[in-house]
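Peer 1: what shape does this take:
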Amino acid sequence: MNELKQMSPYKLRELWRRYFQNNARPQLRPLWYKIQCERTVQKIIQKHITRLKRYSTSPELCAGRMHSTKYHIKPGTQLIKKYHGQEYIIDAIANDMFRYNSATYKSLSAIAMVITGHKVSGYDFFGFYNKRNKE
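Peer 2: Prediction:
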């Protein structure tokens, strides 16, 4: 990775075209991944090739999705969770901002960790489920 960071923009573009066959702006991580697979004589499984191609053609779109959630909780919504016989009330105050016990949190996972005392998926803890996992 350090080698890539020190390369000239011209050399990076050359490598990018070699591995991705397009003229998109070179991205270091996908390029590094491809080079490492080639060096270790490993094949990339098809789902990762598809992801890399999608990322190589529109990295800004992929990067925008990386930190977004599939659940959209409207501000003003109250989440009520019963856990070990106690009821917890969480208020959604903005996009990805929640209030619990007069403190503001950026994620439901942070609140779930405060309540349980260990790391846990906030969306799972509060009852949001991925439809694909339930089938």
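Peer 1: if I look at the nearest residue to S121 once chain neighbours are set aside, how far off is K81?
Peer 2: Among residues not flanking S121 along the chain, S109 sits closest, at 6.1 Å (C-beta to C-beta, 6 or more residues apart in numbering). No exception for glycine: its C-beta is placed from N, CA and C like everyone else's. S109 sits at a distance of 13 Å from K81 (criterion: C-beta to C-beta, to the nearest Å).
Peer 1: anything in contact with each of those two?
Peer 2: The contact sets of S109 and K81 overlap at F125 (C-beta atoms under 8 Å, 6 or more residues apart in numbering).
Peer 1: show residues contacting the strand ranked longest in the chain.
Peer 2: Counting by DSSP state E, the longest strand found in the chain is strand 86-94. For strand 86-94, contacts defined as C-beta under 8 Å, 6+ apart pick out 73-82, 98-100, 104, 108, 111, 115, 126.
Peer 1: now swap in stretch 28-48 and tell me
Peer 2: Stretch 28-48 has contacts (C-beta under 8 Å, 6+ apart) with 1, 4-5, 12, 15-16, 19-20, 52, 55-56.
Peer 1: any chance of those in JSON lines, plus distance to R39, pLDDT and neighbour count?
Peer 2: As requested, the contacts of stretch 28-48 are exported to JSON lines (distance: C-beta to C-beta, whole Å; pLDDT from 0 to 100; neighbours: other C-beta atoms under 10 Å):
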{"residue": "M1", "distance to R39": "13", "pLDDT": "74", "neighbour count": "12"}
{"residue": "L4", "distance to R39": "13", "pLDDT": "80", "neighbour count": "16"}
{"residue": "K5", "distance to R39": "17", "pLDDT": "82", "neighbour count": "9"}
{"residue": "L12", "distance to R39": "17", "pLDDT": "85", "neighbour count": "17"}
{"residue": "L15", "distance to R39": "13", "pLDDT": "84", "neighbour count": "17"}
{"residue": "W16", "distance to R39": "17", "pLDDT": "84", "neighbour count": "21"}
{"residue": "Y19", "distance to R39": "12", "pLDDT": "80", "neighbour count": "17"}
{"residue": "F20", "distance to R39": "17", "pLDDT": "79", "neighbour count": "19"}
{"residue": "L52", "distance to R39": "16", "pLDDT": "74", "neighbour count": "20"}
{"residue": "Y55", "distance to R39": "20", "pLDDT": "75", "neighbour count": "19"}
{"residue": "S56", "distance to R39": "19", "pLDDT": "71", "neighbour count": "21"}
